[in-house]
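Undergrad: Provide a 3D model corresponding to the input given below.
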Amino acid sequence: MFIGKVTGQVVTAQKEPSMAAAKLVVVEAYAGGGPGAATLAPTGRVLVAVDSLGAGIGELVLVTQGSSARLTELTKAMPVDAVVIGLVDTVRLGDRVLCRADGTLGG
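TA: This next block holds a predicted model:
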């Protein structure tokens, strides 16, 4: 699993029939949490994920990939490799808040 930020949506004219109702979002992976980290930072890695929760652009999300992505009720019959499985409220490391639900980082 990783934390990412929803940066866009993918709209398709046609999809595999099993995915017809699936909303697709663009997610940029974030990293951080090292010993001196004050915030999470984008890694530059971007992927498309099925949005099982209705995440909006700018929201921080929890994403799972690989075979685990096909274990949700929504995706169990879909040919997917990534799915949004959580909306992030707060990431805290010790006494440091690395991000908040409103999408603000650090502080």
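Undergrad: Just the strands from this structure, written as ranges.
TA: Using DSSP state E, the strands of the chain run over 2-10, 24-32, 40-51, 60-65, 82-87, 90-93, 96-100.
Undergrad: so the longest one versus strand 24-32, what angle?
TA: Taking axes from the mean of the first three to the mean of the last three CA atoms, to 10 degrees, one finds that strand 40-51 is oriented at 150 degrees with respect to strand 24-32.
Undergrad: Could you give the number of residues near the closest residue to M19 other than its chain neighbours?
TA: Leaving aside its chain neighbours, M19 sits nearest to M78 (5.2 Å; criterion: CB to CB, 6 or more residues apart in numbering). Every residue, glycine included, has its C-beta placed from N, CA and C. By the measure other CB atoms under 10 Å, the count of residues near M78 is 19.
Undergrad: give me phi/psi at M78?
TA: Taking degrees, to the nearest 10, you get phi -110, psi 150 for the backbone angles of M78.
Undergrad: Over to Q14?
TA: Dihedral angles for Q14 - degrees, to the nearest 10 - are phi -140, psi 150.
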